[in-house]
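**Student:** sequence-free structure coming up:
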């Protein structure tokens, strides 16, 4: 089954404790992206990647890191999480830029 | 600057009514792409439609139809004979490459409630 998977689905952590949210797709897509969804703000792009070893900032990259060492994986790293990073996070992939995106199930992160 | 505006925060309709969700976008590019996504109460995001800026033909898919008008920078979505299963948050999105920077911008969403 073609899909985008994210882990964990739910995470409660404390300020400053590094964490990684994994994202994997099995569709051989070139493009992957991370978004955060907050009430009243819609989805905002954090980082995106157009191919292996090619990543770029989206609209809200502060406090986040990403890497794309393999085509299928695109982890999101929070080196020192803060409460304002409490949000619902979505990973997405698409075969190319400007095409429809396929989203993972979301990761609900709470930072206390 | 690029922007997507969904002015309707929430709409409630009774089943079988028609409903239109508005989307207005701003861009300086001549080449861009527009999308609609659905987020049902279960939370996943589901792709509905993609349109490029050179194709203003309206599209119909079952009870869903989309009206793309470049003159008013709008890409509206109509559900005919709404059903309870249409209850969801609907997002309009714009994709473009401006000055070498790729942008994928979502509106803030419209929550549609269809009452039985």
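**Tutor:** Right, received. Where do you want to start? Values in this document were obtained by computation on a predicted structure and should not be read as measured data.
**Student:** Mind checking what secondary structure the residue most central in space within chain A has?
**Tutor:** Against the mean C-alpha coordinate of chain A, by CA atoms, centre = their mean, the closest residue is residue A:34 at 3.1 Å. Here residue A:34 is recorded as strand under DSSP: H, G, I helix; E, B strand; the rest coil.
**Student:** ok, it touching residue A:43?
**Tutor:** No: using CB atoms under 8 Å, residue A:34 makes no contact with residue A:43, being 10.1 Å away. Glycine gets a C-beta too; all of them are placed from N, C-alpha and C.
**Student:** Need the residues touching each of the two.
**Tutor:** residue A:90 (CB atoms under 8 Å, 6 or more residues apart in numbering or on different chains).
**Student:** if we can go back for a sec, so what's the closest residue to the residue nearest to the centre of chain A other than its chain neighbours up against?
**Tutor:** Spatial nearest neighbour of residue A:34, excluding adjacent residues (CB to CB, 6 or more residues apart in numbering or on different chains): residue A:46 at 4.3 Å. Applying CB under 8 Å, 6+ apart to residue A:46 gives the contacts A:33-36, A:58-61, A:64, A:66, A:76, A:89.
**Student:** Name only those of these that count as buried.
**Tutor:** Buried by 16 or more other CB atoms under 10 Å in any protein chain shown: A:33-36, A:58, A:60-61, A:64, A:66, A:76, A:89, out of those.
**Student:** So which residues on chain A come close to chain B?
**Tutor:** Contact residues, chain A versus chain B (CB under 8 Å from any CB of the partner chain): A:33, A:35, A:40-45, A:48, A:50, A:56, A:58-59, A:88, A:90, A:92, A:97-103, A:105-106.
**Student:** can you tell me the helix or strand for the residue nearest to residue A:66 when sequence neighbours are not counted?
**Tutor:** Here the nearest residue to residue A:66 in space, its sequence neighbours aside, is residue A:47; by CB to CB, 6+ apart that works out to 4.4 Å. When elements are assigned from DSSP states H and E, residue A:47 belongs to strand A:42-51.
**Student:** Neighbouring strands - and their directions - for that strand?
**Tutor:** Strand pairing for strand A:42-51, determined by DSSP bridges: strand A:31-38 (antiparallel), strand A:54-57 (antiparallel).
**Student:** Can you report how many residues neighbour the spatially closest residue to residue A:55 that is not a sequence neighbour?
**Tutor:** Leaving aside its chain neighbours, residue A:55 sits nearest to residue A:49 (4.5 Å; criterion: CB to CB, 6+ apart). Residue A:49 has 20 neighbours, counted by other CB atoms under 10 Å in any protein chain shown.
**Student:** What's the separation between residue A:49 and residue A:57?
**Tutor:** In this view, residue A:49 and residue A:57 are 11 Å apart by CB to CB, to the nearest Å.
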